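Asker: the sequence isn't on hand, but the structure is:
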């Protein structure tokens, strides 16, 4: 946690749609973001929600890819062990 003395910051708190992992996301708004013409507070909040949702969706996609790879973990390690044993046998028989 960072303490900032004497500086006021605008912060957006976005509640997590998946409370198993996170309670909320905290976005610190740039000072010039709301000062720009044509940028409303609703737009800033909408963008913060989209960023939080995008982060969770990308994490879910990554987890799904890892789950698919888990099916092959045993056969991959088995093949790697067989290859290593074969190389060791070959080295022992023909190189030594």
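Answerer: Yes, it's here. All values reported here derive from a predicted model rather than from experimental measurement. Residues are numbered from 1 along each chain as shown.

Asker: strands of this structure, start to end?
Answerer: Counting by DSSP state E, the chain has strands at residues 10-15, 24-29.

Asker: what pairs with the first one, and is each one parallel or antiparallel?
Answerer: Sheet partners assigned to strand 10-15 using DSSP bridges are listed as strand 24-29 (antiparallel).

Asker: where does pLDDT dip in this protein?
Answerer: 1-7, 17-18, 21, 34, 56-66, 96 (pLDDT under 70).

Asker: distance of the nearest residue to residue 55 once chain neighbours are set aside relative to residue 74?
Answerer: Nearest residue to residue 55 in three dimensions, chain neighbours excluded: residue 25, at 7.6 Å (CB to CB, 6 or more residues apart in numbering). (Glycine included, C-beta is placed from N, CA and C.) According to CB to CB, to the nearest Å, residue 25 stands 37 Å off from residue 74.

Asker: neighbour count for those two, which is higher?
Answerer: Each of residue 25 and residue 74 has its neighbours counted (other CB atoms under 10 Å); residue 25 has more, 17 against 9.

Asker: fine, thanks again, bye for now.
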